[in-house]
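S.K.: Kindly return the folded structure for what I paste below:
(one chain, ligands or ions: 1)
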Amino acid sequence: MSIAGSVANAPRSAIASGYNAFQMFVTSSRSWKHSEIRAADSNEFRRLVSGGGLAAYAHIPYLCNPSSTNKEMHGKSVHMLVDNMRNCEQLGVQYLVVHIGSHLGKGLKYGIANTSKALESGLASSGKVMVLLENTAGYTNSVGSKFDEIAEIIDGVGSKRVGMCLDTCHTFAAGYDLRTDSSVAGVMDELDSTVGLGKVKLVHLNDAKYGLGSHLDRHWHLGKGYIGRGGFLALFRNGALNRCGFIMETPVISAGDEKMNYDFASSVIREAGLEV
Ligand SMILES: [Zn+2]
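M.R.: Model prediction:
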């Protein structure tokens, strides 16, 4: 949801669309600049979120690369993380989704160590906000496409305030098959034995525009990509993630696309025997 004009516009739009959860940026999405939130706007935000019974999730801007092995980029990413944590705290947003980023060719272990360092600074700037590390599609040099890499970061930092956001498109693009009941069960077992299901607080519900293991981060309309209707039905039927929040990050190419995807998700959830 867009925060153009005021952060309060995000919950306002979510309520207008009939949603009970939404995701937003809490700083400018395309710059390194810190965004101060006016007290009047954060008060209005809190009023709308609690009045509407909404679950609010923040997403760090894509520029952020906490695993970067470039000193300047890493420093800027740490600042951005701290700013985002503070703004979340001001807004009463509990969860901040963070992309782990790229080690820029230096090697996975450097990327993991740098992410852990960044998280320690971020966690020190807020006593309440939990960071959710999002799994990646596994493009060259990216950190966190495999569940055990994310588990290594979470275990290494050793804070209760680091968890995971599972993106279905990235998971599938990274090579985890989500198309059938039995493949979903296998993937959930692996997730549980590495990260631990209890650490997964949010799901980004996206179909994949390209095939299994493509390593391409291209979200697609639910049911129209390679995961397909059967895959999402299997995921909800499996139930391992059903207590998580669900946020769609599907493309909006023409008017009505968002509603089309929401209606699709709702119908699959009902078909799995659950309430929307
Ligand atoms: Zn995502």
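S.K.: does the residue of the chain most remote from its centre sit in a helix, a strand or a coil?
M.R.: Ranked by distance from the centre of the chain (C-alpha atoms, centre = their mean), the top residue is residue 40, with 27.4 Å. What DSSP: H, G, I helix; E, B strand; the rest coil gives for residue 40 is helix.
S.K.: How about the one 5 residues further on?
M.R.: Each residue gets one of three states, and residue 45 gets helix by three-state DSSP.
S.K.: quick one: contacts for it?
M.R.: 6, 7, 8, 10, 11, 91, 92 (C-beta atoms under 8 Å, 6 or more residues apart in numbering). All C-beta spots, glycine's among them, are computed from the backbone N, C-alpha and C.
S.K.: for residue 184, same thing?
M.R.: 178, 231, 234, 235, 238.
S.K.: That one: which element?
M.R.: Secondary structure assigned from DSSP states H and E places residue 184 in helix 181-194.
S.K.: packing partners for the very next helix or strand once past that helix?
M.R.: Next along the chain after helix 181-194, taking DSSP H and E as the criterion, comes strand 200-205. Counting contacts by 3 or more C-beta pairs under 8 Å, 6 or more residues apart in numbering; DSSP states H and E, strand 200-205 is packed against strand 95-99, strand 130-134, strand 162-167, helix 168-173, strand 245-248.
S.K.: and the angle for whatever helix or strand residue 262 lives in with strand 200-205?
M.R.: Using DSSP H and E, residue 262 sits in helix 257-271. Between helix 257-271 and strand 200-205, the angle formed by their directions is 120 degrees, by axes from the mean of the first three to the mean of the last three C-alpha atoms, to 10 degrees.
S.K.: So what's the predicted local confidence for the residue of the stretch 51-200 of the chain found nearest the ion?
M.R.: The nearest approach of the stretch 51-200 of the chain to the ion comes at residue 167, 3.8 Å away (C-beta to the ion). On pLDDT, residue 167 comes in at 98.
S.K.: Nearest spatial neighbour of it, chain-adjacent residues omitted?
M.R.: Leaving out its chain neighbours, the residue that sits closest to residue 167 by C-beta to C-beta, 6 or more residues apart in numbering is residue 204, at 3.9 Å.
S.K.: what does the stretch 151-276 of the chain put close to the ion?
M.R.: 167, 204, 249 (C-beta under 5 Å from the ion).
S.K.: bridging residues for the second one?
M.R.: Spelled out, that is residue 204. Beta bridges link residue 204 to residue 167, residue 247, judged by DSSP bridges.
S.K.: That one contacts residue 247, doesn't it?
M.R.: Yes. Between residue 204 and residue 247 there is a contact under C-beta atoms under 8 Å: 5.7 Å.
S.K.: higher neighbour count, these two?
M.R.: Using other C-beta atoms under 10 Å as the criterion, residue 204 and residue 247 rank with residue 204 on top: 25 against 21.
S.K.: OK, contacts around that one?
M.R.: Applying C-beta under 8 Å, 6+ apart to residue 204 gives the contacts 97, 134, 165, 166, 167, 168, 169, 170, 247, 248, 249.
S.K.: can you list the residues you listed in JSON lines and add distance to residue 213?
M.R.: Shown next, in JSON lines, are these (distance: C-beta to C-beta, whole Å):
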{"residue": "97", "distance to residue 213": "23"}
{"residue": "134", "distance to residue 213": "18"}
{"residue": "165", "distance to residue 213": "21"}
{"residue": "166", "distance to residue 213": "17"}
{"residue": "167", "distance to residue 213": "15"}
{"residue": "168", "distance to residue 213": "14"}
{"residue": "169", "distance to residue 213": "13"}
{"residue": "170", "distance to residue 213": "12"}
{"residue": "247", "distance to residue 213": "24"}
{"residue": "248", "distance to residue 213": "23"}
{"residue": "249", "distance to residue 213": "20"}
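S.K.: Which of those are buried, as a ChimeraX select command?
M.R.: Only the buried entries of the contacts of residue 204 go into this ChimeraX selection, using 16 or more other C-beta atoms under 10 Å:
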select :97,134,165,166,167,168,169,170,247,248
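S.K.: ok, back up a step: I'd assumed residue 134 was in contact with the residue of the stretch 51-200 of the chain closest to the ion.
M.R.: Yes. Here residue 167 reaches residue 134: they are 5.7 Å apart, a contact under C-beta under 8 Å.
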